[in-house]
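Participant: Take this sequence and fold it.
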Amino acid sequence: MTAESVDAVVVGAGHNGLVAANLLADAGWEVLVCEATDSPGGAVRSAEITAPGFQNDLFSAFYPLAAASPVLAGLDLPAHGLRWRHAPAVLAHVTPDDRCTVLHRDPARTAADLDAAAPGDGEAWLALVAQWQRIRDPLLETVLRPFPPLRGAPRLLRALGAAEGLRFARMVVQPVRGFAREHFRGEGAGLLLAGNALHTDLGPDAAGSAVFGWLLSMLGQDVGFPVPEGGAGRLTDALVARLRSRGGRLDCDRPVGSVVVRDGRARGVRDAEGNVVVARRAVLADVAAPLLYRELVGEQHLPARFVRDLVGFEWDTATVKLDWALDGPVPWTAEGARGAGTVHLGADADGLRRYTADLTADRLPDEPFLLFGQMTTADPSRSPAGTESAWAYTHVPRGLGWTESDLARHADRIEQTVERVAPGFRALIRARHVAGPPDLQRRNPNLVDGAINGGTAAVHQQLVFRPVPGLGRADTPVDGLFLAGSSAHPGGAVHGGAGANAARAALAASGLAGPLYRRAVQAAHRRLYRED
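Facilitator: Residues are numbered from 1 along each chain as shown. Below is the predicted model of the structure:
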């Protein structure tokens, strides 16, 4: 066994871990990132998994929050090779009877389409866009910073005012179906909002789904749904290049077996080979909370009440994902879908409710709702001219124990759903790659049973309830250990907030006021997790 020493060890090279490592390196810390798999990026990776010349995103693909994130903006990733590309249209929602609603980059075009279908809905849509434009910056500051958001929240309240602030707070906990019904007469806007809400695990009638549908829709009107030129992995490449330019180190194929805890403090990590890395200042973990606490830390180092709370941690639903190499563009019969980077299909408003009801009841939906990506439409470098690199995913219940034949049948069902609104689609398939929940987890151990959000986005697991009732911060009950992944506030999606919050907490704990900060955090944890 060997031992080495650094200021901080970051466990996991997902985008949050790399953001945290960059910020610590900026502060002059000596940083080592240990990644269990053979490449960095976590759920932000790409590879040729279908056919030569076709670049497929292995997990996430479109990045509105990344483009808007003040965290990532502060890292100046374009200086390290990141280039954003856009499809002609942001998103289209195609119903089973082939009606199509399009979210355009230009809000006026979106509004005009909505108004043509239901007079008055265009004006209502533009009112939401105007509200977004007033509150965008303080809202993102509030959402992405640690709780309580001492800087962003006052600015947000001033931008909203008391009356509008109360109504906005109501929307934050409102189901998207009710929100859409209050604001719009026609179905189109509601489909855009509800479909975007389903980028999480929240259905149309779930409390808190309105704010997610609204947020993604407004980001679409603001920054679009951009993709990194050349593949999702180019975003990771930029983070890695920036880290190395500041002296940070990344070791892939180096899984961490345990966090070394002595006298209640994280002292470093032990890798799978038994080698110890001493962390002079902090250990940061871009690891799903249950895996970190149960497998890397060990329950014996945690308060008993915290361990009991962890039993209540709720994963989001599982995922099945297909990638295709297509010999031509998708032959949508709905013209509006042809130029959209993202397409929602398989369900109208009632179908979305049936789909989520099936998931809630742990039934495999007969009619899956699909999120479909046309990557070459968004970025022509993704495949040869005249072809399309495409993917689709759908949520499924957890714990179904998928066999290869089960997965193949569901993949065929997904393709049939596309074929109904794009006749001739299956004839274009040159190659396909199918990934079920176990496959996603093997490729990225943080995606337990195919959960892609780091835990449910439901209101009972947000803010101070994420990952368990606590402070809503990256600080953990183990001194010197910080949770930097999507299981921590502010949750899933690619924005870097969790990684940045962990880095800031580690810096605060090691700064001039560090002893005072650490005592305050430890005292708060003792009160939160003491036995009554």
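
Participant: Break the chain down into its structural domains.
Facilitator: Domain assignment of the chain by automatic domain parsing yields the ranges 3-36+254-314+453-529, 48-69+84-105+224-228+317-452, 106-216.

Participant: Check the separation of the first and last residues in the last one.
Facilitator: End-to-end distance for domain 106-216, by CA to CA, to the nearest Å: 15 Å.

Participant: ranges for the strands of the stretch 201-350 of the chain?
Facilitator: Secondary structure of the stretch 201-350 of the chain (DSSP state E, counting those that start in this stretch): strands located at 227-228, 249-251, 256-262, 265-271, 276-285, 318-326, 340-345.

Participant: now for the second one, which elements pack on it?
Facilitator: Contacting strand 249-251 under the criterion 3 or more CB pairs under 8 Å, 6 or more residues apart in numbering; DSSP states H and E are the following elements: strand 31-34, helix 233-245. C-betas here are computed from N, CA, C, even on glycine.

Participant: among these, which is nearest residue 508?
Facilitator: Counting by CB to CB, residue 508 lies closest to strand 31-34 out of the helices and strands packed on strand 249-251; the figure is 16.6 Å.

Participant: List of residues touching the closest one?
Facilitator: With contacts defined as CB atoms under 8 Å, 6 or more residues apart in numbering, strand 31-34 is touched by 4, 6-13, 17-18, 21, 24-25, 40, 243, 247-251, 254-256, 269, 271, 277.

Participant: Could you pick out the buried ones from those residues?
Facilitator: In the contacts of strand 31-34, burial by neighbour count holds for 6-13, 17-18, 21, 24-25, 40, 243, 248, 250, 254, 256, 269, 271, 277, counting by 16 or more other CB atoms under 10 Å.

Participant: Inside helices: which ones of these?
Facilitator: 17, 18, 21, 24, 25, 243 (DSSP state H).

Participant: Now tabulate the residues you listed in JSON lines and tack on pLDDT.
Facilitator: Formatted as JSON lines, these follow (pLDDT from 0 to 100):
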{"residue": "17", "pLDDT": "98"}
{"residue": "18", "pLDDT": "98"}
{"residue": "21", "pLDDT": "98"}
{"residue": "24", "pLDDT": "98"}
{"residue": "25", "pLDDT": "98"}
{"residue": "243", "pLDDT": "98"}
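
Participant: Pull the most distant pair out of the residues you listed.
Facilitator: Farthest pair in those, by CB to CB: 17 and 25, 12.4 Å.

Participant: which residues does residue 456 contact?
Facilitator: Counting by CB under 8 Å, 6+ apart, residue 456 has contacts 201, 314, 315, 316.

Participant: Between the strands of the stretch 201-350 of the chain, which one is closest to residue 35.
Facilitator: strand 249-251 (6.7 Å).

Participant: any chance of the contacts of residue 456 in CSV, with pLDDT and neighbour count too?
Facilitator: Listed next are these as CSV, based on pLDDT from 0 to 100; neighbours: other CB atoms under 10 Å:
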residue, pLDDT, neighbour count
201, 95, 27
314, 96, 12
315, 97, 22
316, 96, 26
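
Participant: Closest to residue 163 out of these?
Facilitator: For these, the nearest to residue 163 is residue 201 (32.1 Å; CB to CB).

Participant: Pretty sure that closest one sits against residue 395.
Facilitator: Yes - between residue 201 and residue 395 there is a contact under CB atoms under 8 Å: 6.5 Å.

Participant: got any residues that touch both of the two?
Facilitator: Contacts common to residue 201 and residue 395, judged by CB under 8 Å, 6+ apart, are 317, 359.

Participant: And residue 136, how far from residue 414?
Facilitator: As for residue 136, its distance to residue 414 is 35 Å (criterion: CB to CB, to the nearest Å).

Participant: If you count surrounding residues, which of those two has more?
Facilitator: In this view residue 136 and residue 414 are compared by other CB atoms under 10 Å, and residue 414 has more residues nearby, 22 against 17.

Participant: What strand or helix carries the more buried one?
Facilitator: helix 404-421 (DSSP states H and E).

Participant: distance between the helix or strand hosting residue 191 and the chain's centre?
Facilitator: Per DSSP H and E, residue 191 falls inside helix 188-197. Centre-to-centre, helix 188-197 and its host chain are 18 Å apart (CA atoms, centre = their mean, to the nearest Å).

Participant: Give me the mean pLDDT for it.
Facilitator: When pLDDT is averaged over helix 188-197, the result is 97.

Participant: which secondary structure elements does that helix contact?
Facilitator: strand 89-94, strand 100-103, helix 107-117, helix 121-144, helix 176-183, helix 209-222, helix 349-360.

Participant: Contacts for that helix next, please.
Facilitator: Residues from elsewhere that reach helix 188-197 (CB under 8 Å, 6+ apart): 91, 93, 95, 101, 103, 113-114, 117-118, 121, 124-125, 176-177, 179-181, 183-184, 203-204, 206, 209-210, 212-217, 220, 344, 348-349, 352, 369, 371.

Participant: Let me see the contact set for residue 148.
Facilitator: By CB under 8 Å, 6+ apart, the contact list for residue 148 reads residue 472.

Participant: Phi and psi next, for it.
Facilitator: phi -80, psi 140 (degrees, to the nearest 10).

Participant: roughly how far out does stretch 426-443 sit from the chain middle?
Facilitator: The chain centre lies 20 Å from the centre of stretch 426-443; the measure is CA atoms, centre = their mean.

Participant: re the thing from before, can I get the buried part of the contacts of helix 188-197 as one ChimeraX selection?
Facilitator: In ChimeraX, this line selects whichever of those come out buried by 16+ other CB under 10 Å:
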select :91,93,95,101,103,113,114,117,121,124,125,176,177,179,180,183,184,203,204,206,209,210,212,213,214,215,216,217,220,344,348,352,369,371
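
Participant: next helix or strand past the helix or strand bottoming out on mean pLDDT in the chain?
Facilitator: One helix or strand of the chain scores below all others by mean pLDDT, DSSP states H and E: helix 152-160, with a mean of 91. Of the helices and strands lying after helix 152-160 in sequence (DSSP H and E), the nearest is helix 162-172.

Participant: Can you list the neighbours in contact with that following helix?
Facilitator: Contacts for helix 162-172 (CB under 8 Å, 6+ apart): 131, 135, 156, 157, 160, 179, 208, 210, 211, 214.

Participant: Compare those residues and tell me which has the most neighbours.
Facilitator: Going by other CB under 10 Å, residue 210 tops the contacts of helix 162-172 with 27 neighbours.

Participant: how much space is there between the residue lying closest to that residue once chain neighbours are set aside and residue 115?
Facilitator: Among residues not flanking residue 210 along the chain, residue 179 sits closest, at 3.8 Å (CB to CB, 6 or more residues apart in numbering). Plainly put, residue 179 is 19 Å away from residue 115 if you go by CB to CB.

Participant: likewise residue 146?
Facilitator: Residue 146 is 41 Å from residue 115, where distance means CB to CB.

Participant: Name the residues that touch the next helix or strand after the helix holding residue 414?
Facilitator: Using DSSP H and E, the next helix or strand after helix 404-421 towards the C-terminus is strand 429-435. For strand 429-435, the external contacting residues (CB under 8 Å, 6+ apart) are 49-51, 54, 56, 320-327, 387, 407-408, 411, 415, 443.
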